[in-house]
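Peer 1: Mind looking at a prediction? Sequence and model below.
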Protein chains: 2
Amino acid sequence: MSLPPSGRRVTVHDVAARAGVSQPTASLVLSNHPKARVAAATRQRVLEAATELGYKPNVVARSLARRRSYALGLIVPDVRNPFVADVVAGVERVAAQAGYAVLLCDQSTRDVRQHLDVLLARQIDGVLIDAVGGKALSSATVGSVPVVLMDTPHERWPGISTDAAAAGRLAAEHLLHLGHRSIGFIGPAVDVHAFRQRERGFVQALRAAGVAIRTECWRRAPATVTGGRDAMRALLGVPSRPTAVFCANDLMAIGALKQCLTAGLVLPRDLSVVGCDDIELARYVTPELSTVSVPARELGARAARLLLQQIEQSPRRVQQSRPLPVHFVGRGSSGVAPQAVA
Amino acid sequence: MSLPPSGRRVTVHDVAARAGVSQPTASLVLSNHPKARVAAATRQRVLEAATELGYKPNVVARSLARRRSYALGLIVPDVRNPFVADVVAGVERVAAQAGYAVLLCDQSTRDVRQHLDVLLARQIDGVLIDAVGGKALSSATVGSVPVVLMDTPHERWPGISTDAAAAGRLAAEHLLHLGHRSIGFIGPAVDVHAFRQRERGFVQALRAAGVAIRTECWRRAPATVTGGRDAMRALLGVPSRPTAVFCANDLMAIGALKQCLTAGLVLPRDLSVVGCDDIELARYVTPELSTVSVPARELGARAARLLLQQIEQSPRRVQQSRPLPVHFVGRGSSGVAPQAVA
DNA sequence: TTGTAAGCGTTATCAG
DNA sequence: CTGATAACGCTTACAA
């Protein structure tokens, strides 16, 4: 029946030959171009030939000719952070449904610039960058490929953000409402916008309430579980320790929580801990983590959609969308402040 | 100084022109081919021209010509599972260092076959598939591209696995050693080799010890936190419930643990729970989760290396490597069996 | 050592 | 409606 061309993969050429049409004609019907004006009979023959031969288009060749790769770059800080994994999942879904491949780039491997170089060389149609440090972008060169930033507002490129300042504020208001006045903070030193804003929003709300910032209760640590744990260990050592601590993300908060338990504290009686992100596991630690819920998946999905829109209706002006709303989720790790504060 | 070709990206052609050499010559030095015999002076000129123009190679064009894309496909069940995220991180690192891009494919989006079709059309140089159900592979067609499977032994393709049977066995031995005789299990129904083997190893060890399998204590649920939670809820309802439960992964175990606490049990006094994977957060739940440590990152890294090896020294015979060792980690969620068992 | 010519598999632009 | 012909940007013989 079919003539499997020895060895080689079957190309449009083979299909055309078998259907008895010219190669470009075959191409026309196979890439079912909207304005493909081709006789029904011919189209039929071509399609038959294609299925008979088991024709699969070569996307690389197509990319070269069309100067479109139908691939997206996705640069993230660290896939192993559950929040980031959610973002990735959101991106992947939207991209796949639109027929785009996702090239995953983890910053633990190379820095943003290097990743961008690689991605550009691969002719990706657009790039998504999640939570990158401010400086890393300034020197970045992307030519004319669309970029969409996640949680990193930038004058040059559009982006989708979550309402990080509100997240900090909500955490502060919650703690203030519970009567806390001696409050600590644990966050990373990196220059990542979302983290800074979370901190800012937190600080501003405290200030607005007339609560003094105790600098000795402000701790910097990597945004990881162990970072949170270590920072909390240090924090528990300061004289007249705070009655509540806000951590810049849930991983840190979970580490901090654990450290408290290890130190024999009873939560939230002795100390309130509040996180940020609301990763799935936040409600599975003990006590359950009070936190600010941030829509990670949605962040990824929206960013991906925005990018696709940029790519496909290219020179359209992009209206800056408002940040995705966050909301506080009260659980067991936070409670009313101890009455007696020296 | 430089002549930035209007609009267009700069190509080898531009570089050649500027250096006053033929285009293929420029290509030769730029793709620094090992056997590129080209005069030092010429090479120099070409390189200068390249940097002056800011030349970046077009990987798509190169891929078409070389019939090699320097890209890998990575198909995973769900990036949001921390174990999987670790695997992904391992793969990404190795691939990036070797100059390969990683196309991430999540099975929550499409099934394996569909992902494979897309990947093949993109001319990827190889595919990594993690923990796929047995049937999904049988119908898969990949032509001649190398495939490496993770935790999914298969007659047709090489792979790297973790010692899943040992994992189950270790969990069983631990519980038996603690005196448990009435033991339950929570695992997914899916036909994924690693899960099956964990269960098998567990069952065999129990049988070997003469412990009867109580089928009413054998629960199927999705391999997620909520799956584990729901299964445990059901399990707590059975008459004369088991004194210990093994969960096929840590997510399920964490869900199960939580359900126990919610139900007012005191662990490990009332019930012992053991997980499998040893994700980072296992030691941050309360009580800390006893589990079997499985080297996720290493699994990903090894698989990636094996795949690269297959790609680069293609027809070399692949020696099947032995499974990656696992080890038991005793923590607070498991303890000696209650003396009195009706 | 270098340049010429051909090709990788598609798509796009034209005449016929 | 169809079929040459020419790109797309790079690699790779093979001559010069």
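Peer 2: Right, received. Where do you want to start? Please read all numbers here as calculations on a predicted model, not as lab measurements. Numbers count the residues shown, from 1 in each chain, chains lettered A, B, ... in the order given.
Peer 1: Look through the stretch 101-250 of chain A and state the residue closest to DNA strand C.
Peer 2: With C-beta to the nearest atom of the strand, the shortest gap between the stretch 101-250 of chain A and DNA strand C falls at A:Gln123, namely 12.7 Å. Glycine gets a C-beta too; all of them are placed from N, C-alpha and C.
Peer 1: what residues are up against that residue?
Peer 2: A:63, A:67-69, A:71, B:58-60 (C-beta atoms under 8 Å, 6 or more residues apart in numbering or on different chains).
Peer 1: Show me which of the residues you listed are buried.
Peer 2: A:63, A:69, A:71, B:58-60 (16 or more other C-beta atoms under 10 Å in any protein chain shown).
Peer 1: Make TSV from those and add pLDDT and secondary structure to it.
Peer 2: Below are the buried ones among the contacts of A:Gln123 laid out as TSV (pLDDT from 0 to 100; DSSP: H, G, I helix; E, B strand; the rest coil):
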residue	pLDDT	secondary structure
A:Ser63	94	helix
A:Ser69	96	coil
A:Ala71	98	strand
B:Asn58	95	coil
B:Val59	96	helix
B:Val60	96	helix
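Peer 1: Out of the residues you listed, give me the two with the largest separation.
Peer 2: Spanning the widest gap among the buried ones among the contacts of A:Gln123 are A:Ala71 and B:Asn58, at 13.5 Å by C-beta to C-beta.
Peer 1: Against B:Ala61, how distant is A:His115?
Peer 2: 21 Å (C-beta to C-beta, to the nearest Å).
Peer 1: same thing with A:Ser63?
Peer 2: Distance from A:Ser63 to B:Ala61, by C-beta to C-beta: 9 Å.
Peer 1: thinking again about what came up before, give me the three-state assignment for the residue of the stretch 101-250 of chain A closest to DNA strand C.
Peer 2: coil (DSSP: H, G, I helix; E, B strand; the rest coil).
Peer 1: same question, A:Arg198
Peer 2: A:Arg198 falls in the helix class when you classify it by three-state DSSP.
Peer 1: A:Asp277 is in contact with that one, correct?
Peer 2: No: with contacts counted by C-beta atoms under 8 Å, A:Arg198 stays clear of A:Asp277, the gap being 9.8 Å.
Peer 1: Quick one: list the elements packing against the helix or strand encompassing A:Leu251.
Peer 2: Using DSSP states H and E, A:Leu251 sits within helix A:250-262. Other elements packing on helix A:250-262 under the criterion 3 or more C-beta pairs under 8 Å, 6 or more residues apart in numbering or on different chains; DSSP states H and E are helix A:82-97, strand A:183-187, helix A:225-237, strand A:244-247, strand A:272-277.
Peer 1: what would these look like in CSV with distance to B:Trp218?
Peer 2: Below are the helices and strands packed on helix A:250-262 laid out as CSV (distance: least, C-beta to C-beta, whole Å):
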stretch, distance to B:Trp218
helix A:82-97, 29
strand A:183-187, 43
helix A:225-237, 33
strand A:244-247, 40
strand A:272-277, 35
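Peer 1: need the residues of chain A near DNA strand C, please.
Peer 2: In this structure, chain A approaches DNA strand C at residues A:8-9, A:11-13, A:23-24, A:27, A:30-31, A:33, A:55-58, A:61-62, A:64-66, judged by C-beta under 7 Å from any atom of the strand.
Peer 1: Mind checking which of the residues you listed are buried?
Peer 2: Here, 16+ other C-beta under 10 Å leaves A:9, A:11-12, A:27, A:30, A:55-56, A:58, A:61-62, A:64 buried among the residues of chain A next to DNA strand C.
Peer 1: Chain B next: which of these are close?
Peer 2: Intersecting these with the contacts of chain B gives A:9, A:56, A:58, A:61, A:64 (criterion: C-beta under 8 Å from any C-beta of the partner chain).
Peer 1: could these go into CSV alongside distance to B:Leu119?
Peer 2: Shown next, in CSV, are these (distance: C-beta to C-beta, whole Å):
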residue, distance to B:Leu119
A:Arg9, 14
A:Lys56, 11
A:Asn58, 13
A:Ala61, 16
A:Leu64, 18
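Peer 1: quick one on the thing from earlier: can you redo the buried ones among the contacts of A:Gln123 as TSV with distance to DNA strand D?
Peer 2: Listed next are the buried ones among the contacts of A:Gln123 as TSV, based on distance: C-beta to the nearest atom of the strand, whole Å:
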residue	distance to DNA strand D
A:Ser63	9
A:Ser69	12
A:Ala71	16
B:Asn58	3
B:Val59	8
B:Val60	7
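Peer 1: between the residues you listed, which is closest to B:Gly335?
Peer 2: A:Ala71 (51.7 Å).
Peer 1: correct me, but that closest one touches A:Ala101?
Peer 2: Yes: if you go by C-beta under 8 Å, A:Ala71 and A:Ala101 touch, sitting 4.4 Å apart.
Peer 1: Which residue, other than its chain neighbours, is closest to A:Pro188?
Peer 2: Spatial nearest neighbour of A:Pro188, chain neighbours left out: A:Ala223 (4.2 Å); criterion: C-beta to C-beta, 6 or more residues apart in numbering or on different chains.
Peer 1: gap between the spatially closest residue to A:Met150 that is not a sequence neighbour and B:Gly227?
Peer 2: Nearest residue to A:Met150, sequence neighbours excluded (C-beta to C-beta, 6+ apart): A:Asp130, at 4.3 Å. A:Asp130 is 28 Å from B:Gly227, where distance means C-beta to C-beta.
Peer 1: One more: A:Leu53?
Peer 2: A:Leu53 is 44 Å from B:Gly227, by C-beta to C-beta.
Peer 1: Check A:Pro268 too.
Peer 2: Counting by C-beta to C-beta, the gap from A:Pro268 to B:Gly227 is 29 Å.
Peer 1: can you check A:Arg68 too?
Peer 2: Distance from A:Arg68 to B:Gly227, by C-beta to C-beta: 41 Å.
Peer 1: How is chain A partitioned into domains?
Peer 2: According to automatic domain parsing, chain A comprises the domains A:12-57, A:67-161+A:296-324, A:164-295+A:328-340.
Peer 1: okay, and the helix or strand of chain A with the least pLDDT?
Peer 2: helix A:134-138 (a mean of 79; mean pLDDT, DSSP states H and E).
Peer 1: packing partners for the next helix or strand after that helix?
Peer 2: Scanning forward in sequence from helix A:134-138 by DSSP H and E, the next helix or strand is strand A:147-150. When contacts are defined as 3+ C-beta pairs under 8 Å, 6+ apart, strand A:147-150 packs onto strand A:126-130, strand A:159-160, helix A:296-312.
Peer 1: what about A:Gln107, how many neighbours?
Peer 2: A:Gln107 sits with 20 neighbouring residues when counted by other C-beta atoms under 10 Å in any protein chain shown.
Peer 1: Looks like it contacts A:Asp78 (just checking).
Peer 2: Yes: if you go by C-beta under 8 Å, A:Gln107 and A:Asp78 touch, sitting 6.8 Å apart.
Peer 1: Quick check: the closest residue to A:Pro57 other than its chain neighbours vs B:Arg220, distance?
Peer 2: Nearest non-adjacent residue to A:Pro57, counting by C-beta to C-beta, 6+ apart: B:Ala121, 5.9 Å away. According to C-beta to C-beta, B:Ala121 and B:Arg220 sit 36 Å apart.
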